[in-house]
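Engineer: Sequence and predicted structure below; questions after.
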Amino acid sequence: MTAGSGFTFTDAENHDVPVVVETAVVPEETGADARVSVTLSPTPAPSPSTGELRWSCTPAAARELAAALVRAAEEAENASAEGPVTVRADELRRGDVRDGERPMTVDGARTDGSTAHITWKSVEGRTWTQSYDVNTAITLRRRLPGTR
């Protein structure tokens, strides 16, 4: 389990509720089956009027929480029980995730003779295209099943 980001929300009774986003990676639960947990401490009591858990926060805190959840989901999704795999540049498929400190996802791939043109997408949403010799070895953190 990797510690994530922490935020403070306010419950229906105006008490501060610390929220921590953590990524739980269980070896047999990878990809879409992986779990992302949100920890509330202390757990807020349901609102007396609705019986629901209610939180409020600033728009900035809501955006930070959403970004932390996306990062946690990607970390859990990108965890691989098999470990990294290496493929040739011309075998990359949309959705493959490159291994490294900053993961990149293949957004598109096409081959032009001896050159593979790979469009990458960063976690931040930026895209760019790089050209590789088709035989270049690319190490992937996650390999999606199927074909291009």
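Structural biologist: Okay, I see it. All values reported here derive from a predicted model rather than from experimental measurement. Numbers count the residues shown, from 1 in each chain.
Engineer: Look through every helix and strand of this structure and give the one with the lowest mean pLDDT.
Structural biologist: Sorting the helices and strands of the chain by mean pLDDT, DSSP states H and E puts strand 35-40 at the bottom, at a mean of 64.
Engineer: where does this protein dip in pLDDT?
Structural biologist: 1-7, 12, 21-55, 76-83, 143-148 (pLDDT under 70).
Engineer: which residues in it form strands?
Structural biologist: With DSSP state E as the criterion, the chain has strands at 6-11, 16-24, 35-40, 55-56, 85-88, 97-98, 104-112, 115-122, 127-133, 137-142.
Engineer: of all those, which lies closest to Leu69?
Structural biologist: Closest of these to Leu69 is strand 16-24, at 5.8 Å (criterion: C-beta to C-beta). For the C-beta atoms, the positions are set from N, CA and C on the backbone; glycine is no exception.
Engineer: And stretch 94-113, end to end?
Structural biologist: One end of stretch 94-113 to the other measures 19 Å (C-alpha to C-alpha, to the nearest Å).
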